[in-house]
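> Take this sequence and fold it.
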Amino acid sequence: MNDFIQNIDAATLIQDYAIPWGTKIILALVIFIIGRMVVSMVVGGIKKVLASRGMDEILVGFLTSILRWVLLLFVIVAALSQLGIDTTSLVALLGAAGLAIGLSLQDSLSNLASGVMLIIFRPFTKGDFVEAGGATGVVDNISIFTTTMTTPDNKEIIVPNGAIISNNITNFSARDTRRVDMVFGISYDDDLLKAKKLLEDIIAADERVLAEPAPVIALGELADSSVNFLVRPWVNSPDYWAVMWDTTETVKLRFDEEGLSIPYPQMDVHIPQPQ
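Take a look at the predicted model:
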């Protein structure tokens, strides 16, 4: 008799609980798995469409990332509703939790907002050489919270987006041309016009120097121990450093050949003799 009752209870348990809940769990898993596949297909399709229209790679990645998480949230809510969970209460709970998390993560949310501004207004993009947030380097990636740069000596720097937005941004790659600012000094005893003509010849001989705007070579300062010339040629941005270094070397070599000296600061010390 007891075995019969136990069999009936087990059958009732399976029929009333195991089968319905098992079905709900399976359907919820099916919804979640299929939903993820659909989300991946939709996001992938939108990403291809945006990329085909020439939209910036960073902006495409940012928009598709947000879209992916929003769609996945709908999939999760749909899967949970299949289990009989009150999704209205769940959404309210998530909203309250989001508010609490937001208050405790104000700096992170500031970086998030700054990341959105960087991607929308685009003061720089991937591959630009910039000075921002106290760091200088080539931009490798702009994510939601941080920007990754590579320094000229191949170090990776991760800068919070909030630090970038709240400070000045210098984009060295924003313009096609740049002006190279150099200063060369000669002794007060040297031939002023000879030195100026020599500097003009050096700049004119460099094919990387642009004709327009015209280079400036002028006497800039009568300093304490030297007469300083301002040499300011315009070049294409990729040639900036090469022109600066090559010109500096050439000036030193030509000045030595022509007997022009590049003075260095000196101090005369006078020691009074005892009477």
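
> List the buried residues of stretch 196-213.
Lys196, Leu198, Leu199, Ile202, Ile203, Asp206, Val209 (16 or more other C-beta atoms under 10 Å). Glycine gets a C-beta too; all of them are placed from N, C-alpha and C.

> so who does Ile25 touch?
Counting by C-beta atoms under 8 Å, 6 or more residues apart in numbering, Ile25 makes contact with Leu83.

> Tell me how far the host helix or strand of it lies from the chain's centre.
Assigned by DSSP states H and E, Ile25 belongs to helix 19-52. Its chain's C-alpha centre and that of helix 19-52 lie 33 Å apart, by C-alpha atoms, centre = their mean, to the nearest Å.

> Counting by contacts, list what the helix or strand just after that helix packs against.
Downstream of helix 19-52, the next assigned helix or strand under DSSP H and E is helix 57-82. Applying 3 or more C-beta pairs under 8 Å, 6 or more residues apart in numbering; DSSP states H and E, we find helix 57-82 packed against helix 19-52, helix 87-104, helix 106-121, strand 135-142.

> Pass me the low-pLDDT residue ranges in the stretch 51-200 of the chain, would you?
Across the stretch 51-200 of the chain, the ranges flagged by pLDDT under 70 are 54-56, 58-59, 84-109.

> give me that answer again for 50
Applying pLDDT under 50 to the stretch 51-200 of the chain picks out residues 103-105.

> the inter-axis angle of the helix holding Ile25 versus helix 57-82?
170 degrees (axes from the mean of the first three to the mean of the last three C-alpha atoms, to 10 degrees).

> Now that Lys126 has come up, it's in contact with Asp140, right?
Yes: Lys126 is within contact range of Asp140, at 6.8 Å (criterion: C-beta atoms under 8 Å).

> Okay, domains of the protein per the record?
The record's domain parsing of the chain by automatic domain parsing lists 8-104, 123-171, 177-257.

> got JSON lines for those domains, with distance to Ser110 too?
Below are these laid out as JSON lines (distance: least, C-beta to C-beta, whole Å):
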{"stretch": "domain 8-104", "distance to Ser110": "11"}
{"stretch": "domain 123-171", "distance to Ser110": "4"}
{"stretch": "domain 177-257", "distance to Ser110": "32"}
